[in-house]
Structures are given as structure tokens and as C-alpha cells.
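> just coords:
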């Protein structure tokens with residue numbers, strides 16, 4: 001699926017945008033199912049449903065109501081939707097991931113992060129790897145754009161090449177904040193690159209890439225179907241923040257029953273006790289360290 005040039009670009013920058021990662025009919029099905037979940041959320045005033053560990057499957061932001069729905073997270077949509085499962089397991093997006101960290105890859109977890117029009121939710125600067133440490137860092141977060149992503153509706157923002165630098169702690173003053181220190185965040189914001197594209201595009205992101213995103217101040221929704229994949233020989237060191245029945249499912253290649261390790265030293269993460277990590281990022285730990 002990917003040319004040699006695209007693969008080289010990914011390893012240089014730590015991310016790569018690929019358009020038309022799913023078929024138009026599949027994209028429409030993804031949009032239709034998510035819109036149905038938004039309609040369903042209007043019947044609730046707080047996070048609801050149940051995922052594998054008993055925490056809510058559907059997370060809503062403060063102020064959510066029927067007149068202004070704020071559905072911001074669906075945990076493990078692949079457990080409740082054949083369409084989302086098929087995209088995770090056997091789409092062009094899956095083939096692209098295999099080109100980068102294959103030939104043997106497996107699923108770790110999936111989620112939908114959405115910013116509906118006027119939504120206040122932002123994602124503070126962080127790296128994914130401290131949330132999901134493995135024996136090696138051949139992990140890719142694939143962010144499929146279910147909606148068009150523009151400069152105004154809260155796009156992913158990244159720091160090219162940051163995947164080759166330090167792994168930054170998400171702990172500050174004994175609190176797991178899910179975000180890097182303020183000084184790092186401020187420096188990142190000054191050099192941020194926005195990742196935009198038409199619906200159906202996917203941004204393939206290295207697990208160590210610094211990234212974040214601003215609230216959606218536009219009238220357009222910004223919904224991402226996020227799939228986290230690892231090389232088959234990358235073994236998790238911490239509990240899955242989004243536990244699911246498909247963790248470890250080999251979606252490309254074969255099971256080798258081997259482990260590959262690289263050297264690094266980071267504190268273990270704290271699994272969220274609520275529906276999503278958005279509450280952790282809203283904690284009061286002083287990150288100006």
C-alpha cells in the first residue's frame with residue numbers, strides 16, 4: 001500500500017497522512033453508525049453503557065444535553081459494530097500499518113474520539129507510549145478521519161521527528177495527568193503542525209510522537225476512529241487503558257510466540273477509573289516541572 005518514499009517519510013517525521021484508506025460505502029456506514037450513537041446519547045445525561053471492565057463505553061463531555069450533544073468517546077466500537085471491526089482488521093488502513101511495522105501485527109485497542117460542533121474538549125500534549133508501554137516501540141496509532149478534518153475543527157497537531165527524542169513522563173507531583181510538562185507543551189505548541197484531510201483519510205502516527213489538539217470551535221464535527229496496533233512481538237507491560245475482547249488479535253501475518261525488547265525507562269501509567277483519559281487530563285497536577 002505504501003511506497004518506499006512514504007515509508008521513509010513516516011520514519012523521518014513520525015507520522016504520515018494517507019487518503020482514501022477506506023471505501024466510500026464503508027465510510028458512509030461508519031458515519032451513519034456514529035450519528036446513531038450521537039442520537040442515542042441524547043437520552044443520557046452522563047457517561048453510559050458498559051465496556052469489558054465495567055467502565056462506561058460512551059463518554060460525554062460536561063454540559064452534554066439533548067439540545068447540544070457532547071458525545072466525545074466510544075470505547076471499543078469494534079465490540080459493538082461489524083463495520084468498525086472490519087475497518088480495524090482488514091481495510092487499506094490495516095495494510096498501511098503492516099507496511100510499516102509488519103509483517104506480523106496485532107490489535108491493542110480501538111476508540112472513537114469526537115469533537116462535535118462547539119465542543120470544549122481538547123487533548124493536551126502527550127505521547128501514546130507512556131499510556132501503553134510495550135517491550136518494544138513498534139506501535140502505530142492509526143487515526144481514521146470519519147469526518148473531514150480542517151484547521152478549525154480541532155485537528156490533530158504534531159511535532160515532526162519528536163518520536164526520535166525523549167519519552168516524557170505524564171506524572172507530575174504524584175498525579176498521573178496524562179499530559180507532558182507545561183514547558184514541553186508550550187514549546188510544542190509553538191512548532192505544531194496540523195494534520196488535516198478529507199473524510200476517509202488516515203493519519204498513521206508513531207507511538208512516541210508528541211501530539212495534542214484544540215477544541216472544535218467550528219460548525220463541523222471532527223470524529224476520528226482510532227486504532228492502536230503493535231508488532232506481534234511487542235508485549236504490553238501495563239493494563240490496557242481500553243480493555244477489549246480483541247486485544248492481541250493478529251490481524252496481519254502470524255503468531256510467532258516471540259518477544260522483542262528495547263531499552264527504555266519510564267514510570268508505569270495509571271489506568272483511568274472513568275470512561276476515558278479526558279478526566280485524567282483534567283486533573284490538577286502541576287505540570288510545570
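Ah, there it is. It should be emphasised that the depicted structure is a prediction, and the values quoted were computed from it without experimental measurement. Numbers count the residues shown, from 1 in each chain.

> tell me, how many residues neighbour the nearest residue to residue 260 once chain neighbours are set aside?
Spatially, and ignoring its direct neighbours in sequence, residue 260 is nearest to residue 233 (4.2 Å; C-beta to C-beta, 6 or more residues apart in numbering). In this view, the C-beta of every residue, glycine as well, is placed from N, C-alpha and C. Here the number of neighbours of residue 233 (other C-beta atoms under 10 Å) works out to 18.

> in terms of contact, does residue 233 touch residue 254 like I think?
No. Here residue 233 does not reach residue 254: they are 11.3 Å apart, not a contact under C-beta atoms under 8 Å.

> name the residues contacting each of these two.
Jointly contacting residue 233 and residue 254 under the rule C-beta atoms under 8 Å, 6 or more residues apart in numbering are residue 104.

> scan this protein for its longest helix.
Longest helix in the chain by number of residues, with DSSP state H as the criterion: helix 24-41.

> so which elements touch the one helix or strand in the chain whose mean pLDDT sits lowest?
Within the chain, no helix or strand scores below helix 278-281, which has a mean of 80 by mean pLDDT, DSSP states H and E. Secondary-structure packing of helix 278-281 (3 or more C-beta pairs under 8 Å, 6 or more residues apart in numbering; DSSP states H and E): strand 123-126.

> now for the strand it packs on, which elements pack on it?
Judged by 3+ C-beta pairs under 8 Å, 6+ apart, the packing partners of strand 123-126 are helix 182-190, strand 211-213, helix 278-281.

> okay, the ones you listed in TSV with mean neighbour count and distance to residue 170 next?
Shown next, in TSV, are the helices and strands packed on strand 123-126 (neighbours: other C-beta atoms under 10 Å; distance: least, C-beta to C-beta, whole Å):
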stretch	mean neighbour count	distance to residue 170
helix 182-190	15	11
strand 211-213	24	12
helix 278-281	20	8
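
> and these as TSV, adding distance to residue 164?
Below are the helices and strands packed on strand 123-126 laid out as TSV (distance: least, C-beta to C-beta, whole Å):
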stretch	distance to residue 164
helix 182-190	15
strand 211-213	14
helix 278-281	25
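
> mean pLDDT lowest for which of these?
Among the helices and strands packed on strand 123-126, helix 278-281 has the lowest mean pLDDT, at a mean of 80.

> quick one: contacts of it?
Taking C-beta under 8 Å, 6+ apart as the rule, helix 278-281 contacts 59, 61, 72-73, 121, 123-124, 126, 176-179, 270, 272.

> next step: those restricted to strands.
Per DSSP state E, strands hold the following members of these: 59, 72, 73, 123, 124, 126, 176.

> top of these by neighbour count?
Highest neighbour count within the ones in strands among the contacts of helix 278-281: residue 59, with 30 neighbours (other C-beta under 10 Å).

> and that one, how far is that from residue 102?
In this structure, residue 59 lies at 32 Å from residue 102, with C-beta to C-beta, to the nearest Å as the measure.

> so where's this structure shaky on pLDDT?
The chain contains residues with pLDDT under 70 at 283-289.

> what's the burial count for residue 256?
12.

> if we can go back for a sec, buried ones in the longest helix of the chain?
Residues of helix 24-41 classed as buried: 26, 27, 29, 30, 31, 33, 34, 37, 38, 41 (neighbour count, 16 or more other C-beta atoms under 10 Å).

> next: stretch 188-201.
Neighbour-count burial for stretch 188-201 [16+ other C-beta under 10 Å]: 188, 192, 195, 196, 197, 199, 200, 201.

> go on, stretch 114-130?
Buried residues in stretch 114-130, counted by 16+ other C-beta under 10 Å: 114-116, 119, 121, 123-130.

> now do the end-to-end distance for it.
22 Å (C-alpha to C-alpha, to the nearest Å).

> and stretch 145-163, by the same measure?
With C-alpha to C-alpha as the measure, stretch 145-163 spans 22 Å from end to end.

> again with stretch 243-259
First residue to last in stretch 243-259 (C-alpha to C-alpha) measures 21 Å.

> residue 271 against residue 277, yeah?
No. Using C-beta under 8 Å, residue 271 is not in contact with residue 277, being 9.4 Å away.
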